[in-house]
Every structure is written in structure tokens, then in C-alpha cells.
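1. Fold the following, please.
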Amino acid sequence: MTEKLKAKDFQEKVFDYSKEKQWKFKGKIPAVIDFYADWCGPCQMIAPVLERIAEKYKGKINVYKINVDEETDLAQHFQIRSIPTILFVPMEGNPLGKMGFMSEQQIEKSIQDELLKSKKI
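-> The predicted model follows:
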């Protein structure tokens with residue numbers, strides 16, 4: 001199941017952008033973060049895909065959702081200008097952002113390529 005994050009939750013679970021200047025991921029497992037809005041058609045289409053991804057990789061990857069209309073400061077900090085934007089957050093290194101609708105196969109490929117490079121899941 002995906003988890004909706006508010007800015008405070010994001011700062012505790014992902015990255016405290018209010019205190020840190022350089023990216024330092026706080027998570028214990030990789031993450032997929034969906035920046036979306038309720039009114040966005042492509043965001044609505046990708047939502048069930050992300051739910052399936054969250055179930056498939058439960059305990060191996062966290063899938064978070066951030067509503068850009070509710071969390072404007074967080075969206076601005078990450079310079080989200082197009083939705084959906086999905087961040088793929090590996091355990092080490094910087095997150096990779098991809099803008100626009102992605103198919104389930106494209107998301108799976110990004111998870112394998114960006115988050116699970118050295119692991120077989």
C-alpha cells in the first residue's frame with residue numbers, strides 16, 4: 001500500500017530538506033515517491049499502478065505519495081513543475097526524477113535499474 005506523506009513525515013522518513021543542504025536519504029529501504037495532484041488525469045491513471053508496485057515490493061521498497069497542492073513548499077523545494085513526477089530513491093546516491101506518465105513496465109524497469117541494481121528481487 002502506498003503511503004501519503006506530509007512535509008513533516010517526509011523530513012523524518014526521507015530527507016530533512018529544512019536542515020540538510022546535501023541529499024542524505026533517511027530511509028531503511030529504497031523508495032519511490034510520486035508527486036501528484038487529485039485533479040491530474042495521468043496521476044489518477046498511475047495511482048493503481050503504484051498500488052500494485054507497493055504490494056509487489058512490500059518490505060523491499062517504500063512507495064510514497066505527495067500531493068503537490070497540499071505540500072507546496074515540499075514540491076517547490078524539489079522543483080516539481082510537472083506532474084506526475086516520480087522520484088526513484090536508492091539507498092546510496094541521489095534520487096532520479098522522471099516526469100510524466102509512466103507505464104507499469106517503465107516503472108518496473110526504473111526500479112530494477114535504479115533501486116535494485118545489485119539485488120535480485
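2. what about the chain, any weak spots by pLDDT?
-> 118-121 (pLDDT under 70).
3. Secondary structure element for the closest residue to residue 96 other than its chain neighbours, which one?
-> The spatial neighbour of residue 96 that comes closest, neighbours along the chain excluded (Cβ to Cβ, 6 or more residues apart in numbering), is residue 88 at 4.8 Å. All C-beta atoms are positioned from the backbone trio N, CA, C, and that covers glycine. Element membership of residue 88 [criterion: DSSP states H and E] is strand 85-89.
4. what packs against that strand?
-> Here strand 85-89 touches strand 31-36, strand 96-99, helix 104-110, going by 3 or more Cβ pairs under 8 Å, 6 or more residues apart in numbering; DSSP states H and E.
5. mind redoing it with 6 Å?
-> In this structure, strand 85-89 makes packing contacts with strand 31-36, strand 96-99, judged by 3 or more Cβ pairs under 6 Å, 6 or more residues apart in numbering; DSSP states H and E.
6. Of those, flag the one that's most buried.
-> Most buried of the helices and strands packed on strand 85-89, by mean neighbour count (mean count of other Cβ atoms under 10 Å): strand 31-36, with a mean of 24.
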